[in-house]
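J.: Quick one, structure for this:
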Amino acid sequence: MNRTRGGFTLMEMLVTLMLVSLATMLMFQMLGSYRIARERVQAQAGGIDRRALFQGWFRDSVHGLYAAPDLRFVGDARGFTAVSLNPLYAPAGSPSGVAWMLREGEDGGTQVAYAEDGRERWVVPIEGADARLAYLDEDGKESPVWPPARGLVKPEALPAMVVLWRRVGEVDDPLVAAVLGPLEPPLRLYGDEEIE
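T.: I've put the predicted structure just below:
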């Protein structure tokens, strides 16, 4: 009686191993492509998040600018220093000295640096070339420095708006932030009386 044993022949086993190795190779190529695509999407999303955060922080900081007799807002085309009630690191509502500065990065692009209470906190690259700051008074007249050289505003007064001008391609792209509080310090008729 002739019995045959069940199982794979050597040739069938080699073909099976070849197919499994081919499928594994294709799977690793797909995983590599997926990883590269994921990294590109994360890098773009991170750039978008950083731009949105920077714009939000800039607006919040300018919205909270605070006018007081001994606290002065001083600005030019490369930056400004002021006191804000919306600092990024100190508790909200506490007057803190802030500074926003534009400077050239190592790669030749423009960077924005933020300092709070005399300490630089972070630096972020911004899109666009020829970045500069400008200051608008209550009538909407733009000035490259604050307080304006023409002397029509009190030295301790705040601008109505701060504009960060950037040139992106062929288009000027402004980031406008309005000062929400009073633009001038409160008037004290009788010295340092307490307000009830």
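
J.: all strands for the chain, in order.
T.: Counting by DSSP state E, the chain has these strands, from start to end: 74-76, 79-84, 96-104, 110-116, 119-126, 129-136, 142-143, 161-168, 171-178.

J.: just checking, what packs against the shortest one?
T.: Contact partners of strand 142-143 among helices and strands, from 3 or more CB pairs under 8 Å, 6 or more residues apart in numbering; DSSP states H and E: strand 129-136. From N, CA and C alone the C-beta is placed, and that goes for glycine too.

J.: Could you find the residue nearest the spatial middle of the protein?
T.: Averaging the C-alpha coordinates of the chain gives a centre point, and the residue nearest to it by CA atoms, centre = their mean is Phe54 (1.7 Å).

J.: and Leu17, which of the strands of the chain is closest to it?
T.: strand 119-126 (51.7 Å; CB to CB).

J.: which residues sit against that closest one?
T.: Contact partners of strand 119-126, identified using CB atoms under 8 Å, 6 or more residues apart in numbering, comprise 50-51, 54, 88-89, 105, 107, 109-115, 166.

J.: got the angle for that strand vs strand 96-104?
T.: 40 degrees (axes from the mean of the first three to the mean of the last three CA atoms, to 10 degrees).

J.: Give me the buried stretch members for strand 119-126, please.
T.: Within strand 119-126, the residues scored as buried using 16 or more other CB atoms under 10 Å are Ile126.

J.: And stretch 97-113, by the same measure?
T.: Those buried within stretch 97-113 under the rule 16+ other CB under 10 Å are Gly97, Val98, Ala99, Trp100, Met101, Leu102, Thr110, Gln111, Val112.

J.: Tell me which two of these sit farthest apart.
T.: With distances taken as CB to CB, the most widely separated pair in the buried residues of stretch 97-113 is Gly97 and Thr110, at 23.3 Å.
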